[in-house]
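# Here is my input; please provide its structure:
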Amino acid sequence: MSRKVRTRFAPSPTGYMHIGNLRTALFEYLIAKHDNGDFLLRIEDTDQGRKVEGAVDIIYKTLKDVGLNWDEGPDIGGNFGPYIQSERLPMYKGYAEELVKTGHAHYCFCSEEEIEAQRKEAESLGISFKFDDPCKHLDAKEVQERIERGDPYVIRQTISNVGETSFDDMVYGHIEFDGDLLDEQILLKSDGYPTYNFANIIDDHTMEISHVVRGNEYLSSTPKYNLIYDAYGWERPTYVHVPPVMKDEKHKLSKRNGDASFQDLVAKGYLPAAIINYIALLGWAPPTEQEIYTLEELIDVFDVSRISRSPAIFDIDKLTWMNGVYLRSMDEDTYFETVRPYLEKAVKGPYSHREIAKIIQPRIDILNQIEEAVDFFDQPGDYDLEMYRHKKMKSTPETALTALKAAREAIAGIQDWTEENVHETLLALPKEMGMKNGQVLWPVRTAVSGKQFTPGGAIEIVHILGKDESLARIDQGIARLEEALA
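Numbering: from 1, shown residues only. You can find the predicted model right below:
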């Protein structure tokens, strides 16, 4: 009988959510939910030196923002807690001492200086360094005396006469290693804290984790983990090692190098739903050409066999496109509530934020583009008069002056100020004047916005600005053109 699928996301609380970490969480969530399994959250804080205040709250918020709701975890409990490693310390020591008793681990009293001396000797001989621990040859009596004397020690894995060892991975297939080349890793540090690698094994087993999803940089360590599983007589988990997320063909995404975290992307105006959709496609190929997925759709179609072995390159342009798709697919009310904080910050004047939201929805890809796109409502741009010259629109400063004077008269004559009336009035002008649409509307848009690129055209902008403000800006445009052409 196959065991229930149980996966875990086990981040360290170091301050931000790296895109690679979030993708790992997503894959773990999808693997569990595709088979109606459990998704656990575990906080791995054994490295107390790297712990950042408030980082656990960032983890909670990030997962909730993207919809990766956990079934068990530090905040909601479960049958396999505690779910914070620092609260499980006594258990790790007991498990480490059990390995000592069975000969699969030993006490090591070596100082850093002794280890470094071996390293330097290996370097001088031009051979790769593998620590040969003399402490594993100490007899039990001497070990006990040194412990009672208070000598600092670590518990280190014992590896000898392993020979060829192998395991299967769901992404990389069957993998073989020479077990005798494995280094004897520390399991329990001198401060009583377990190492990341050892705590993982104990926690995964005691929490009945069926699938371990992690970066492919852990492939070479997996044989050491398996020796510990085997030493206890435990069933090994199913391994899913995933390729890294790269900035380009040579460099991994790295916060240290200024690459965006999840929090950075949200702050730049990307939607959590679009981010999670995009990172699902980093290193995983959907079964069809479809690219836009809800989380529920991803759960339905996710298949581990479609995870690539090749690194995935993070393409901010592709994410930007996808974010735009999400924004444009929102219904009017949802979109307005999404952009309202940005509009309220950018436009303080007496203009309808809802009307502005309508004209920017087809044209904005990320929320942080909004302020620059609409700031002309409060203050038109300080434009160069050469902007009236537009080859495609067949506009020149001379034709622009004619168009603005006619548009001013037409706008002043509108009695009932509706978008429909503004539309009819301005669109009728070019035909009446024997001019192209662009020869009339381009100068009007330039005068009322002062910008070369705007969300919405002349008609939409004039309607939102209102009659008085539109006339005032057109008057200013006429005056500047007359002065320049005099």
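
# got the CA coordinates for the least confident helix or strand in the chain by mean pLDDT in CSV?
Sorted by mean pLDDT, DSSP states H and E, the helices and strands of the chain end with helix 112-125, the least confident at a mean of 86. C-alpha atoms of helix 112-125 as CSV (Å, rounded to 0.1, in the frame of the first residue of the first chain):
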residue,chain,number,x,y,z
GLU,A,112,39.1,23.8,13.7
GLU,A,113,42.9,24.1,13.6
GLU,A,114,43.4,20.3,13.2
ILE,A,115,40.8,20.2,10.4
GLU,A,116,42.4,23.1,8.7
ALA,A,117,45.9,21.5,8.9
GLN,A,118,44.5,18.5,7.0
ARG,A,119,43.0,20.8,4.4
LYS,A,120,46.3,22.6,3.8
GLU,A,121,48.1,19.3,3.5
ALA,A,122,45.7,18.1,0.9
GLU,A,123,46.1,21.3,-1.0
SER,A,124,49.9,21.0,-0.9
LEU,A,125,49.6,17.5,-2.3
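
# Which positions within that helix qualify as buried?
Burial within helix 112-125, assessed by neighbour count using 16 or more other CB atoms under 10 Å, is assigned to residue 118. (C-beta placed from N, C-alpha, C; glycine too.)

# mind listing what residue 449 touches?
Applying CB atoms under 8 Å, 6 or more residues apart in numbering, one finds that residue 449 lies in contact with 376, 380-381, 461.

# residues in contact with the helix or strand where residue 318 lies?
Assigned by DSSP states H and E, residue 318 belongs to helix 316-328. For helix 316-328, the surrounding residues in contact (CB under 8 Å, 6+ apart) are 260, 265, 269-271, 273-275, 277-278, 291-292, 335, 338, 361-362, 364-367.

# With stretch 393-407 instead?
By CB under 8 Å, 6+ apart, stretch 393-407 touches 385-386, 388-389, 426, 429, 432-433, 435-436, 438-444, 446-447, 474, 477-478, 481-482, 484-485.

# Could you pull out the buried residues of that stretch?
Within stretch 393-407, the residues that count as buried by 16+ other CB under 10 Å are 393, 395, 397, 399-407.

# same thing with stretch 99-107?
For stretch 99-107, the neighbour count (16+ other CB under 10 Å) marks 99-100, 104-107 as buried.

# what angle sits between the helix or strand residue 32 falls within and helix 316-328?
Using DSSP H and E, residue 32 sits within helix 19-34. Helix 19-34 runs at 50 degrees relative to helix 316-328, counting by axes from the mean of the first three to the mean of the last three CA atoms, to 10 degrees.

# Could you point out the helix or strand that follows helix 19-34?
Next element after helix 19-34 (DSSP H and E): strand 38-41.

# counting contacts, what elements does the helix holding residue 32 pack onto?
Contacts defined by 3 or more CB pairs under 8 Å, 6 or more residues apart in numbering; DSSP states H and E place helix 19-34 against strand 6-9, strand 38-41, strand 211-215, strand 238-242, strand 245-246, helix 262-267, helix 272-280, helix 295-301.

# Could you say which of the ones you listed is packed most deeply?
The highest mean neighbour count among those, using mean count of other CB atoms under 10 Å, belongs to strand 6-9: a mean of 26.

# what about residue 236, which SS state?
coil (DSSP: H, G, I helix; E, B strand; the rest coil).

# what residues are up against residue 355?
463-464.

# That one should be in a helix, yeah?
Yes: under three-state DSSP, residue 355 sits within a helix.

# quick one: it from residue 426, how far?
16 Å (CB to CB, to the nearest Å).

# pull the CA atoms of the helix holding residue 32 into PDB?
C-alpha atoms of helix 19-34 as PDB (Å, rounded to 0.1, in the frame of the first residue of the first chain):
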ATOM      1  CA  ILE A  19      12.100  33.300  -6.200                       C
ATOM      2  CA  GLY A  20      13.800  29.800  -6.300                       C
ATOM      3  CA  ASN A  21      12.500  29.100  -2.800                       C
ATOM      4  CA  LEU A  22       9.000  30.100  -3.700                       C
ATOM      5  CA  ARG A  23       9.100  27.900  -6.800                       C
ATOM      6  CA  THR A  24      10.100  25.000  -4.600                       C
ATOM      7  CA  ALA A  25       7.200  25.700  -2.300                       C
ATOM      8  CA  LEU A  26       4.900  25.800  -5.300                       C
ATOM      9  CA  PHE A  27       6.100  22.500  -6.700                       C
ATOM     10  CA  GLU A  28       5.800  20.900  -3.200                       C
ATOM     11  CA  TYR A  29       2.200  22.200  -2.900                       C
ATOM     12  CA  LEU A  30       1.200  21.000  -6.300                       C
ATOM     13  CA  ILE A  31       2.700  17.500  -5.800                       C
ATOM     14  CA  ALA A  32       0.700  17.200  -2.600                       C
ATOM     15  CA  LYS A  33      -2.600  18.700  -3.800                       C
ATOM     16  CA  HIS A  34      -2.500  16.800  -7.100                       C
END
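
# Report the angle between that helix and strand 211-215.
Using the same axes, to 10 degrees: helix 19-34 against strand 211-215 is 160 degrees.

# Could you check the angle helix 19-34 makes with strand 238-242?
Between helix 19-34 and strand 238-242, the angle comes out at 140 degrees (the same axes, to 10 degrees).

# which parts of helix 19-34 are buried?
In terms of neighbour count (16+ other CB under 10 Å), helix 19-34 has its buried residues at 19-34.

# among those residues, which two are most distant?
Taking CB to CB, the two most distant members of the buried residues of helix 19-34 are 19 and 34; they sit 22.0 Å apart.

# Buried residues of stretch 417-433, list them for me.
Within stretch 417-433, judged by 16+ other CB under 10 Å, the buried ones are 422, 425-426, 429-430.

# Now the nearest residue to residue 50 once chain neighbours are set aside, what are its backbone angles?
Sequence neighbours aside, residue 14 is the residue nearest to residue 50 in space, at 5.2 Å (criterion: CB to CB, 6 or more residues apart in numbering). Note on residue 14: its backbone torsions stand at phi -110, psi 10 [degrees, to the nearest 10].

# switch to numbering from 303
Sounds good: first residue 303 from here, last item residue 316.

# What distance do you get for the spatially closest residue to residue 678 that is not a sequence neighbour to residue 743?
Distance criterion CB to CB, 6+ apart; nearest residue to residue 678, sequence neighbours excluded, is residue 751 at 4.4 Å. Noted for residue 751: a distance of 12 Å to residue 743, by CB to CB.

# same deal with residue 651?
Counting by CB to CB - residue 651 and residue 743 are separated by 23 Å.

# Could you do residue 353 as well?
Counting by CB to CB - residue 353 and residue 743 are separated by 59 Å.

# what helices or strands is the longest helix seen in the chain leaning on?
Longest helix of the chain, by residue count under DSSP state H: helix 769-787. Applying 3+ CB pairs under 8 Å, 6+ apart, one finds that helix 769-787 contacts helix 699-714, helix 739-751.

# picking up where we left off before, can you select the buried ones from the contacts of stretch 695-709 in PyMOL?
Selection of buried members from these for PyMOL, criterion 16+ other CB under 10 Å:
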select buried, resi 690+728+731+737+740+741+742+743+744+745+746+748+749+776+779+780+783
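
# can I see the domain layout of this protein?
389-544, 559-630, 634-679, 687-787 (automatic domain parsing).

# Report the distance from stretch 596-611 to the chain centre.
Its chain's C-alpha centre and that of stretch 596-611 lie 17 Å apart, by CA atoms, centre = their mean, to the nearest Å.
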